[in-house]
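K.L.:
quick one: sequence and predicted model below, then my questions.
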Protein chains: 2
Amino acid sequence: MITHTTHSDALAQTLADSGLRNTPQRELVYDALLTRRDHPTADEVYARVKTQLPGISLATVYNCLETLVQCHLVRAVNFERAPTRYCPNLKPHAHFHDESTGATHDIELPPDLLSQIESILPPGYSADAIELTFRGKLPTNR
Amino acid sequence: MITHTTHSDALAQTLADSGLRNTPQRELVYDALLTRRDHPTADEVYARVKTQLPGISLATVYNCLETLVQCHLVRAVNFERAPTRYCPNLKPHAHFHDESTGATHDIELPPDLLSQIESILPPGYSADAIELTFRGKLPTNR
DNA sequence: CTTCTTCTTTAGAATTATTCCAATTCAACT
DNA sequence: AGTTGAATTGGAATAATTCTAAAGAAGAAG
């Protein structure tokens, strides 16, 4: 299995479809998200990518992340006023924000629940995006 | 119906229960939210309250809003990276953010759907708060 | 293979919502 | 009236993000 190439190809393809170029920066940022799916902030992505491309700038990391979000390869996740976190999980899912550790966990969102949620919208309303987030504390004994 | 007094009393009572004092600033900020339930930002609340109490400071508005949130009289609502908005609707509800106008609409959240949503959490998880937000465009012909 | 054009990256400045801070004011209770 | 703790205030500080202008790369056209 040639995972790396597969990811790169998918990225290159999706970028091309949007009339955008593939660049080492974009690949590394995307890889950083895929390698550790722990919902890092832009700063954390910056730190990780810098080990492989020391010259990269924080502005570029922001640019790349924004590009990936635009291409629908990545989701931006916001909790209250905290820095935006990024998530390469494309399946519909909710987020659980553990207040004790600060960690973020993906929660599977069954399709039928998703449609039930959509159905509470009054007639005429239609949603481009739905965000469902939980906040709470996980038991410490895990 | 002596609405104003009722609100004030409820506020005073809730503050007292939390060992906090009632102040003109807190009353005015709370009133501003109740009078126009349009999910204003702190800045907007500041502008409204200043007409009645010109000396109030923005820091105080932030303090009062935070106090009201702590007392569970008001909910803070966040959309993406936009400034926090404040909402005196205490019933469980979702939010619809209209991208064309920037307006925010409350969406009734039936109790049974709420419990269905909670039930997708894996065992051991328990949520202190649930946020459900829709983003989309409303038809212009309304 | 040179030139043109356009996209991308870069460093640093700018923005902006929010929080912090130290000093004053206020209100309740002796 | 005096003390104490809470609340307010103006301004400075913070921090995530965006903007800007210049330099760099990369594909297209000649």
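P.N.:
Happy to help now that I have it.
K.L.:
OK, contacts around the residue most central in space within chain A?
P.N.:
Residue closest to the mean C-alpha point of chain A, counted by Cα atoms, centre = their mean, is A:Cys87 at 1.9 Å. By Cβ atoms under 8 Å, 6 or more residues apart in numbering or on different chains, the residues touching A:Cys87 are A:Leu33, A:Arg37, A:His39, A:Val74, A:Arg75, A:Ala76, A:Val77, A:His95, A:Thr104, A:Asp106. In short, each C-beta sits where N, CA and C put it, glycine included.
K.L.:
ok, 6 Å please
P.N.:
By Cβ atoms under 6 Å, 6 or more residues apart in numbering or on different chains, the residues touching A:Cys87 are A:His39, A:Arg75, A:Val77.
K.L.:
mind checking how far the last one is from A:Asn63?
P.N.:
A:Val77 sits at a distance of 19 Å from A:Asn63 (criterion: Cβ to Cβ, to the nearest Å).
K.L.:
now A:Thr101: closest residue in space that isn't a chain neighbour?
P.N.:
A:Leu138 (7.3 Å; Cβ to Cβ, 6 or more residues apart in numbering or on different chains).
K.L.:
swap that for A:Ser100, sorry
P.N.:
Spatial nearest neighbour of A:Ser100, excluding adjacent residues (Cβ to Cβ, 6+ apart): A:Lys137 at 4.9 Å.
K.L.:
before we move on, what about A:Arg48?
P.N.:
With Cβ to Cβ, 6+ apart as the criterion, A:Arg48 has its nearest non-adjacent residue at 4.6 Å, and that residue is A:Ala32.
K.L.:
report the buried residues of the longest strand along chain A.
P.N.:
Looking across chain A with DSSP state E, the single longest strand is strand A:127-136. Neighbour-count burial for strand A:127-136, counted by 16 or more other Cβ atoms under 10 Å in any protein chain shown, picks out A:Ala127, A:Ile130, A:Glu131, A:Leu132, A:Thr133, A:Phe134, A:Arg135, A:Gly136.
K.L.:
just want to know which of A:Val77 and A:Asn63 has more residues nearby.
P.N.:
For A:Val77 versus A:Asn63, neighbours defined as other Cβ atoms under 10 Å in any protein chain shown are more numerous around A:Val77 (18 against 15).
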